[in-house]
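**Student:** here are the coordinates; sequence isn't available:
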């Protein structure tokens, strides 16, 4: 009888642990974005293969005349891109040999099976100068800037040229003196306290570093180990917040839970090992999905859409639960800060965090990271325990030139012209989104956009294997995108209407040209679902062929 009693006791002891694990599993999003270990396994298992022309242009079973039109369009597009920017492309090719960043972005701007083919559509990585909303390359070619400089460009490139110049003048007398502070730092602190509604401010060298410090402070003050990130969200490239593919280490002290989920709230209420919850408000555009990139358009689908009321309710619930459970709520506004409202996402959604991280645009064009927080979370020592510290320093924290540019930026926020840019911001950009989509519908192309204010992503209304090509047609039309392609278009919030009209005209023209070259052909005899299944079967067949015969060029789908 002893043995059954022993097993019963062990089962009873394990029951609470098992229940907590079950709740944690239920709070994960069912996609790979919610299961980082499986995502990493799949990334290791996925075989590489390279598609070759002309077979690569018939993956959807298109007839010969369409394949020929595609081949001719492909060759003509590559020729135009090469003729347009020979000097820029030559320097890009030269630099690629010593810049692994360029080798990575060049290869992963398209779905990996097309990477070798896409090298025949060269895109330059260098710019000579900017003029207003235009980027000018080494060949003097002008492109409308839709890159947004990874989110920095909220108020226009000329605005940041001015703040950088003013910051340099302000810091010039002190120069590279580090450790001590330029007097403008005191003014920056007061202005940031007023904007964020917080008590304290610390300065860092990047947004990634700011998030690292916020998490460290949360762990220090709670005595708990785990952070919660929401599925799909990006918080920089350090290990605890990027536990999936791209990180060589397995997930450790991170829970990746579903965004906008009651099950997630239940986990936060009941567990006692969670120090903080990280929220990137950009996820309001695509909850539980990773940042969109053209490299992920393997089956031609992408979903996004912003529901302000629903996301506001979610943040309010999250705020209440974190307060109840003693968990630090951290807003990572490195990307969206000062783009949605003068007071950032906190003001836009009407929810105050415990700690908020800024970066990007706040440096006035120079690199920076900032943490603002309530005093109870920001203190980094315990007077009653003098050896118990939470250290965070950096050689270039509060660099005089950066602090000067930040000061110019913060003071400029009070100018009437800048304040006017925020008036009616939501309504203006919603109207532009609607007008853009109407123009695309009128053009008869399977393309639409979804927007979070001035941050846009491109969606496709039918499955397809070649949507990633649109980024090259847009480049050919004189629109500059970042290396993630049509996954993200970023406009300055005060973009003049005539410039927006120019961007719209060029975008629609690029779509029409791509359509004329046959890339959006589909078999109209098949219902939409059957068409999608055909493309998925073809993709599966290619992948299996690469498993069994590495290096084999896949044939057309069907």
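**Tutor:** In hand now; what should we look at? Model, not experiment: these values are computed from the prediction.
**Student:** Which stretches in the stretch 151-300 of the chain count as helices?
**Tutor:** Per DSSP state H, counting those that start in this stretch, the stretch 151-300 of the chain carries helices over the ranges 157-172, 184-196, 207-222, 262-270.
**Student:** which of the ones you listed is buried the deepest?
**Tutor:** Most buried of those by mean neighbour count (mean count of other CB atoms under 10 Å) is helix 207-222; its value is a mean of 23. Where C-beta positions appear, they are placed from N, C-alpha and C, glycine not excepted.
**Student:** who touches that one?
**Tutor:** By CB atoms under 8 Å, 6 or more residues apart in numbering, the residues outside helix 207-222 that reach it are 202, 204, 225, 227, 235-238, 240-241, 275-276, 278, 326-328, 330, 332, 334-335, 354-355, 357-360, 369-371, 373, 376-380, 390, 392, 394.
**Student:** Please repeat the previous calculation with a cut-off of 7 Å.
**Tutor:** By CB atoms under 7 Å, 6 or more residues apart in numbering, the residues outside helix 207-222 that reach it are 202, 204, 225, 227, 235-238, 240-241, 275-276, 326, 328, 330, 332, 334, 355, 357, 359-360, 369-371, 376-378, 390, 392, 394.
**Student:** rewinding a little: output the helices of the stretch 151-300 of the chain in JSON lines; the columns should cover mean pLDDT and distance to residue 248.
**Tutor:** Formatted as JSON lines, those follow (pLDDT from 0 to 100; distance: least, CB to CB, whole Å):
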{"stretch": "helix 157-172", "mean pLDDT": "96", "distance to residue 248": "35"}
{"stretch": "helix 184-196", "mean pLDDT": "97", "distance to residue 248": "35"}
{"stretch": "helix 207-222", "mean pLDDT": "96", "distance to residue 248": "17"}
{"stretch": "helix 262-270", "mean pLDDT": "96", "distance to residue 248": "27"}
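**Student:** so which of these gets nearest residue 435?
**Tutor:** Set against residue 435 and scored by CB to CB, these come closest in helix 157-172, at 23.9 Å.
**Student:** Tell me where the model's unsure across the stretch 1-150 of the chain.
**Tutor:** 1-17 (pLDDT under 70).
**Student:** mind listing the strands for it?
**Tutor:** For the stretch 1-150 of the chain, the strands defined by DSSP state E, counting those that start in this stretch cover 129-131, 134-136, 142-145.
**Student:** right, so these: which one is the most enclosed?
**Tutor:** Most buried among the strands of the stretch 1-150 of the chain, counting by mean count of other CB under 10 Å: strand 142-145, with a mean of 21.
**Student:** Just checking: what are the partner strands of that strand?
**Tutor:** Here strand 142-145 has these sheet partners by DSSP bridges: strand 134-136 (antiparallel), strand 479-480 (parallel).
**Student:** Measure how buried residue 543 is and give me the count.
**Tutor:** Counted with other CB atoms under 10 Å, the neighbours of residue 543 add up to 16.
**Student:** out of everything not next to it in sequence, what's closest to the most centrally placed residue in the chain?
**Tutor:** By CA atoms, centre = their mean, the chain has its centre lying nearest to residue 291, at 4.4 Å. Closest residue in space to residue 291, ignoring its immediate chain neighbours: residue 234 at 5.5 Å, by CB to CB, 6 or more residues apart in numbering.
**Student:** next one: residue 476
**Tutor:** Spatial nearest neighbour of residue 476, excluding adjacent residues (CB to CB, 6+ apart): residue 80 at 5.5 Å.
**Student:** For the one you found, give its distance to residue 357.
**Tutor:** As judged by CB to CB, to the nearest Å, residue 80 and residue 357 stand 42 Å apart.
**Student:** quick one, which of these two is more surrounded?
**Tutor:** A count of neighbours by other CB under 10 Å puts residue 357 above the other of residue 80 and residue 357, at 30 against 15.
**Student:** For the more buried one, give me the pLDDT.
**Tutor:** Residue 357 carries a pLDDT value of 98.
**Student:** Residue 81 is in contact with residue 121, isn't it?
**Tutor:** Yes: the criterion here is CB atoms under 7 Å, and residue 81 meets it with residue 121 at 5.9 Å.
**Student:** Between these two, which contacts overlap?
**Tutor:** Shared contacts of residue 81 and residue 121, counting by CB under 7 Å, 6+ apart, come down to residue 472.
**Student:** what's around the nearest residue to residue 224 once chain neighbours are set aside, how many residues?
**Tutor:** Residue nearest to residue 224 in three dimensions, not counting chain neighbours: residue 275, with 4.0 Å by CB to CB, 6+ apart. Per other CB under 10 Å, the neighbour tally for residue 275 reads 23.
**Student:** Residue 275 is in contact with residue 228, isn't it?
**Tutor:** No: with contact defined as CB under 7 Å, residue 275 does not reach residue 228; the gap is 8.7 Å.
**Student:** overlap in contacts of those two?
**Tutor:** Common neighbours of residue 275 and residue 228 (CB under 7 Å, 6+ apart) do not exist.
**Student:** what's near enough to touch residue 126?
**Tutor:** Residue 126 makes contacts with 88, 91-92, 137-138, as judged by CB under 7 Å, 6+ apart.
**Student:** next one: residue 511
**Tutor:** Contacts of residue 511 (CB under 7 Å, 6+ apart): 440, 443, 445, 447, 470.
**Student:** Try it again at 6 Å.
**Tutor:** Residue 511 makes contact with 445, 447, according to CB atoms under 6 Å, 6 or more residues apart in numbering.
**Student:** Would you mind listing the buried residues in the helix or strand harbouring it?
**Tutor:** Per DSSP states H and E: residue 511 is located in helix 497-516. With burial defined by 16 or more other CB atoms under 10 Å, the residues of helix 497-516 counted as buried are 499-500, 502-503, 506-511, 513-515.
**Student:** now it: how far from the chain's centre is it?
**Tutor:** With CA atoms, centre = their mean, to the nearest Å as the basis, helix 497-516 stands 24 Å off its chain's centre.
**Student:** again, but for stretch 495-511
**Tutor:** With CA atoms, centre = their mean, you get 23 Å for stretch 495-511.
**Student:** I'd like the mean pLDDT over stretch 524-541, please.
**Tutor:** Across stretch 524-541, the per-residue pLDDT values average to 87.
**Student:** if I look at the residue nearest to residue 291, how far off is residue 119?
**Tutor:** Residue 234 is 27 Å from residue 119, where distance means CB to CB.
**Student:** Just want to know which of these two has more residues nearby.
**Tutor:** More neighbours surround residue 234 than the other of residue 234 and residue 119, with 16 against 12 (other CB under 10 Å).
**Student:** mind checking pLDDT for the residue nearest to residue 291?
**Tutor:** 94.
**Student:** cool, the one 4 residues further on as well?
**Tutor:** You'll see residue 238 listed with a pLDDT of 87.
**Student:** so what's it up against?
**Tutor:** For residue 238, the contact set (CB under 6 Å, 6+ apart) comprises 208, 212.
**Student:** Against residue 376, how distant is it?
**Tutor:** In terms of CB to CB, residue 238 sits 25 Å off from residue 376.
**Student:** what do you get for residue 75?
**Tutor:** When residue 75 is compared with residue 376 (using CB to CB), they lie 64 Å apart.
**Student:** Likewise for residue 113?
**Tutor:** 52 Å.
**Student:** which of those two has more neighbours?
**Tutor:** Ranked by neighbour count (other CB under 10 Å), residue 113 and residue 376 place residue 113 first, with 22 against 11.
**Student:** how many other residues sit next to the residue nearest to residue 287 when sequence neighbours are not counted?
**Tutor:** Nearest residue to residue 287, sequence neighbours excluded (CB to CB, 6+ apart): residue 259, at 4.2 Å. For residue 259, the neighbour count with other CB under 10 Å is 24.
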